[in-house]
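Student: When you get a sec, could you give me coordinates for this:
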Amino acid sequence: MRLLLLNYRLVIVTLTLLSATIYSGATISATVIVAAKESSLVGITDKQAMRVWLGKVARVNGQEVEPTERNDKTDIHASFHEKITHKNAYQLKAYWGRLIFSGKRFPPKVFQSDADIKQWLSQHVKAIAYIDESSVDDTVKVLMKIE
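Tutor: Numbers count the residues shown, from 1 in each chain. Predicted coordinates for the structure are as follows:
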């Protein structure tokens, strides 16, 4: 009986700590796929985004696009790829490693921050990227919000 009570307390403490971690007041913004304000793109679907970020296509709705990437050690990178490409960082490295080795394709250019991405977008009309929704301003056009 005492062992059961200890296990019960352990479960309660674990759940309490887990919920405190999850709901610690940290706000998590949505991720959005963006393009330069001057881009003629008006939107992108999940399937199109997956194919673009996996290097399978270079056009969206007839428009040439160049995807950018975030550092693979960031939360936004993990969240984006979990929802869009359905791959984790290790799977992406293996995927791109095979394509690079075969000489077929090369991965997107990597950036460290949303500010770096927005600066790149302002100079490259064909570029598309994913950033935190809180970083959206009048220099970018939102193509899709990722829920």
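
Student: okay, and the helix or strand of the chain with the least pLDDT?
Tutor: helix 2-22 (a mean of 47; mean pLDDT, DSSP states H and E).

Student: Which residue ranges of this protein form strands?
Tutor: Read by DSSP state E, the chain holds these strands, from start to end of the chain: 31-36, 59-60, 63-64, 66-70, 109-111, 127-132, 140-146.

Student: what about the residue nearest to residue 71 when sequence neighbours are not counted, how many neighbours?
Tutor: Leaving out its chain neighbours, the residue that sits closest to residue 71 by CB to CB, 6 or more residues apart in numbering is residue 112, at 5.5 Å. Heads up, the C-betas are built off the backbone N, CA and C, glycines and all. Residues contacting residue 112 under the criterion other CB atoms under 10 Å number 11.

Student: What separation do you get for residue 112 and residue 35?
Tutor: Using CB to CB, to the nearest Å, residue 112 is found at 20 Å from residue 35.

Student: With residue 119 instead?
Tutor: 14 Å.

Student: Which one's more surrounded, the two?
Tutor: residue 35 (25 against 13).

Student: Show me what the more buried one bridges to in the sheet.
Tutor: With DSSP bridges applied, residue 35 shows beta-bridge pairing to residue 128, residue 141.

Student: Could you check how far it is from residue 88?
Tutor: 26 Å.

Student: again, but for residue 120
Tutor: From residue 120 to residue 88 the distance is 25 Å (CB to CB).

Student: Residue 105 now?
Tutor: 20 Å.

Student: And residue 117, by the same measure?
Tutor: Remark: distance between residue 117 and residue 88 (CB to CB) = 21 Å.
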